[in-house]
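Engineer: fold the following for me, if possible:
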Amino acid sequence: MKWNGIGGMVVLAFSIGLFSVASSGKEPAGTGVDSGTFGVFMNGKRVGTETFSITQNAGGSLITSRFRTEPGVDKAEQTSELQISPSGELRRYEWREVSPGQAQAVVTPNDQFLVQRSSKTSQDKPEEQPFLLPSSTSILDDYFFVHREILAWKFMAMTCRQQSGQLQCPVGQKAQFGTLNPHARSSMPVTLEVTGTEKIKVGSGELDTTKLSLKGEAGDWTIWVDQQFKVQKMAVPSDNTEIVRD
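Structural biologist: Alright, predicted model coming up:
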């Protein structure tokens, strides 16, 4: 599979080798690929904020995220850290509950399996659950919306190209990916498809975006990606939820 010819952030992500870190688990010095916050809205009311960072060095990248609910909503806070190899394969994924509980889980590859070790508190012995999934499986976890940006990049690297300074993604192009949701301890295939282009309001202005459809057993999402390959907005129409970049 070739990643050349797209330009911008997707080429940076895949030509260097998206997503790996040293085995120590510590974030290496490198280039910031994307960072920021997503506001989470339900029925028009802001209920949470995800703060995320994607950092890349010569060996790959590290994706970190922190989700917090807003004041007035039942308090909840969780963190995640995703490490992926230069070939796009999972090396390690971890999420931790900061509040109100102390649940945690770690997913690592083991031969032809992914193994998840989960516990309700840091003192509990982890429960081990194997998944017959390859290490190329994408993590799509609850609370951490940046994972959908990573999946969108994989898809766009396969289907889009840069022409005359503009991102060109043929309408109708689609691809299927295997995913794992560690919170739900479940796996499922999802399909991404280019459904068109659309101007969306961002602040006081408008942005040209590529509109993607993400479909799976857990529900359908719409994702809007700008010309710099950054996800600006996501929506889950079935439960009136929107995720918007601040």
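
Engineer: report the helix or strand with the lowest average pLDDT across the protein.
Structural biologist: For the chain, using mean pLDDT, DSSP states H and E, the weakest element among its helices and strands is helix 8-15, scoring a mean of 41.

Engineer: run through the residues that contact the nearest residue to Gly36 once chain neighbours are set aside.
Structural biologist: Distances taken as CB to CB, 6 or more residues apart in numbering put Arg245 closest to Gly36, at 6.0 Å, once the chain neighbours are dropped. For the C-beta atoms, the positions are set from N, CA and C on the backbone; glycine is no exception. Residues near Arg245 by CB atoms under 8 Å, 6 or more residues apart in numbering: 36-39, 202, 230-233.

Engineer: what lines up beside the longest strand along the chain in the sheet?
Structural biologist: Using DSSP state E, we find that the single longest strand of the chain is strand 186-202. Paired strands of strand 186-202, with direction, are strand 174-181 (antiparallel), strand 205-216 (antiparallel) (DSSP bridges).

Engineer: can you put those in CSV and add distance to Tyr143?
Structural biologist: Below are the strands paired with strand 186-202 laid out as CSV (distance: least, CB to CB, whole Å):
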stretch, distance to Tyr143
strand 174-181, 10
strand 205-216, 17
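
Engineer: looking at those strands, which is nearest to Val190?
Structural biologist: Using CB to CB as the measure, strand 205-216 is the one of these that comes nearest Val190, at 3.7 Å.

Engineer: average pLDDT for that closest one?
Structural biologist: Averaged over strand 205-216, pLDDT sits at 95.

Engineer: residues of it that come out buried?
Structural biologist: For strand 205-216, burial by neighbour count (16 or more other CB atoms under 10 Å) applies to 207, 209-212, 214, 216.

Engineer: how far away from the center of its chain is the longest strand of the chain?
Structural biologist: Put simply, strand 186-202 sits 13 Å off its chain's centre (CA atoms, centre = their mean, to the nearest Å).

Engineer: buried residues in that strand?
Structural biologist: By 16+ other CB under 10 Å, the buried positions in strand 186-202 come out as 187, 190, 192-195.

Engineer: pick the one among the buried residues of strand 205-216 closest to Val73.
Structural biologist: Leu214 (25.2 Å).

Engineer: test my guess that Arg148 contacts Gly216.
Structural biologist: No. With contact defined as CB atoms under 8 Å, Arg148 does not reach Gly216; the gap is 11.0 Å.

Engineer: related to what we said a few turns ago, in CSV: the buried residues of strand 205-216, plus distance to Asn57.
Structural biologist: Supplementary listing: the buried residues of strand 205-216 in CSV, determined by distance: CB to CB, whole Å:
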residue, distance to Asn57
Leu207, 29
Thr209, 29
Thr210, 28
Lys211, 32
Leu212, 28
Leu214, 29
Gly216, 32
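
Engineer: remind me which helix or strand the residue positioned nearest the centre of the chain belongs to.
Structural biologist: Against the mean C-alpha coordinate of the chain, by CA atoms, centre = their mean, the closest residue is His147 at 0.9 Å. In the assignment (DSSP states H and E), His147 maps to helix 146-159.

Engineer: again with Phe144
Structural biologist: According to DSSP H and E, Phe144 maps onto no helix or strand at all.

Engineer: same question, Leu82
Structural biologist: Leu82 belongs to strand 77-84, assigned by DSSP H and E.

Engineer: just to revisit the earlier point, output the buried residues of strand 186-202 in TSV; the columns should cover pLDDT and distance to Val115.
Structural biologist: TSV is the format used below for these (pLDDT from 0 to 100; distance: CB to CB, whole Å):
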residue	pLDDT	distance to Val115
Ser187	96	13
Val190	98	22
Leu192	98	26
Glu193	98	31
Val194	97	34
Thr195	97	36
